[in-house]
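got a sequence here, can you build the structure:
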Amino acid sequence: MTTVLAAPTAAPSPGASRTAAPVVTGIGVAAPNGLGTEAWWSAVLRGRSGIRPVSRFDASGYPVKLAGEVPGFVDAEHVSSRLMPQTDRVTRLSLAAAKEALDDAGADPAQLPEHAAGVVTANSFGGFEFGQQELQALWSKGGQHVSAYQSFAWFYAVNSGQISIKHGLRGASGVLVSEQAGGLDALAHARRQIRKGAELVVTGGVDSALCPWGWA
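Model (predicted):
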């Protein structure tokens, strides 16, 4: 995740756009080759890959048995107990990366006008693992055992939503679905929002479908 801020210039008048280039002011990373920006950048410089044998489920019956998991990520250290039953792992990773990016930027959205900060993520799958668990509960136990949070936890826009709620980002927000190009597309969209008058946008790409349903 990255935070993109408007360059120091006067806010545009209604209907006008900024001409100064937006700037990236903070970075947050939760990646297979590094949890946190420093660990990730160190791995990049050393050329260390994050691709390893799948450990989150039994992949022996699938032709592909390697994946980029995020080792060392303890969900409860990054997400409150209230949010744990509401969220898929991919959303927890998103929340951790977004917080690191905002901390790295020294940005406090609460100090901005109410609708001056937004969030744009790129995501193709949503909470697939959460969705699979609830579908299994529906099939094996019945509808009364399906979590009410299934209604949104599986959705590909949930990461933008949870980040915006967590940090009070009430400005223009969204999600893009463009596969491998998604992270760059999200950054470009954040740039457009800044040019239109937003003061801050949290943006980045996030995806994880490390479960049998996502693997099939």
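
pass me the low-pLDDT residue ranges in the chain, would you?
Applying pLDDT under 70 to the chain flags the ranges 4-20.

other SSEs contacting the longest helix belonging to it?
For the chain, the helix reaching the highest residue count under DSSP state H is reported as helix 89-105. Helix 89-105 sits against strand 2-5, strand 23-27, strand 30-31, helix 128-141, helix 158-167, strand 200-205, with contacts defined as 3 or more CB pairs under 8 Å, 6 or more residues apart in numbering; DSSP states H and E. All C-beta spots, glycine's among them, are computed from the backbone N, C-alpha and C.

for the residue nearest to the spatial centre of the chain, give me its contacts.
Per CA atoms, centre = their mean, the C-alpha nearest to the average position across the chain is that of S94, at 3.3 Å. When contacts are counted by CB atoms under 8 Å, 6 or more residues apart in numbering, S94 touches M1, A30, T121, N159, Q162, I163, V206.

with distance to A76 and neighbour count added, can I get the residues you listed in JSON lines?
Output for these, formatted as JSON lines (distance: CB to CB, whole Å; neighbours: other CB atoms under 10 Å):
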{"residue": "M1", "distance to A76": "20", "neighbour count": "30"}
{"residue": "A30", "distance to A76": "15", "neighbour count": "26"}
{"residue": "T121", "distance to A76": "23", "neighbour count": "32"}
{"residue": "N159", "distance to A76": "19", "neighbour count": "31"}
{"residue": "Q162", "distance to A76": "16", "neighbour count": "24"}
{"residue": "I163", "distance to A76": "18", "neighbour count": "28"}
{"residue": "V206", "distance to A76": "19", "neighbour count": "26"}
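
gap between V90 and G143?
25 Å (CB to CB, to the nearest Å).

more neighbours, these two?
V90 (27 against 7; other CB atoms under 10 Å).

may I have the residues that are in contact with the more buried one?
Shown in contact with V90 (CB under 8 Å, 6+ apart): N123, F125, G126, G127, F128, E129, N159, V206, D207, S208.

if we go to 6 Å?
V90 makes contacts with S208, as judged by CB atoms under 6 Å, 6 or more residues apart in numbering.

one step back: single out the most deeply packed of the helices and strands packed on helix 89-105.
strand 200-205 (a mean of 28; mean count of other CB atoms under 10 Å).

what angle sits between that strand and helix 89-105?
Using axes from the mean of the first three to the mean of the last three CA atoms, to 10 degrees, the inter-axis angle of strand 200-205 relative to helix 89-105 is 140 degrees.

which helices and strands sit right next to strand 200-205?
strand 2-5, strand 117-122, helix 182-195 (3 or more CB pairs under 6 Å, 6 or more residues apart in numbering; DSSP states H and E).

from the contacts of S94, which single one is nearest V64?
For these, the minimum distance to V64 (CB to CB) is 20.6 Å, reached by V206.

give me the nearest residue to the closest one, chain neighbours excluded.
Spatial nearest neighbour of V206, chain neighbours left out: S94 (4.7 Å); criterion: CB to CB, 6 or more residues apart in numbering.

any chance of JSON lines for the helices and strands packed on helix 89-105, columns distance to E77?
What follows is the helices and strands packed on helix 89-105, written out as JSON lines (distance: least, CB to CB, whole Å):
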{"stretch": "strand 2-5", "distance to E77": "22"}
{"stretch": "strand 23-27", "distance to E77": "20"}
{"stretch": "strand 30-31", "distance to E77": "12"}
{"stretch": "helix 128-141", "distance to E77": "19"}
{"stretch": "helix 158-167", "distance to E77": "15"}
{"stretch": "strand 200-205", "distance to E77": "20"}
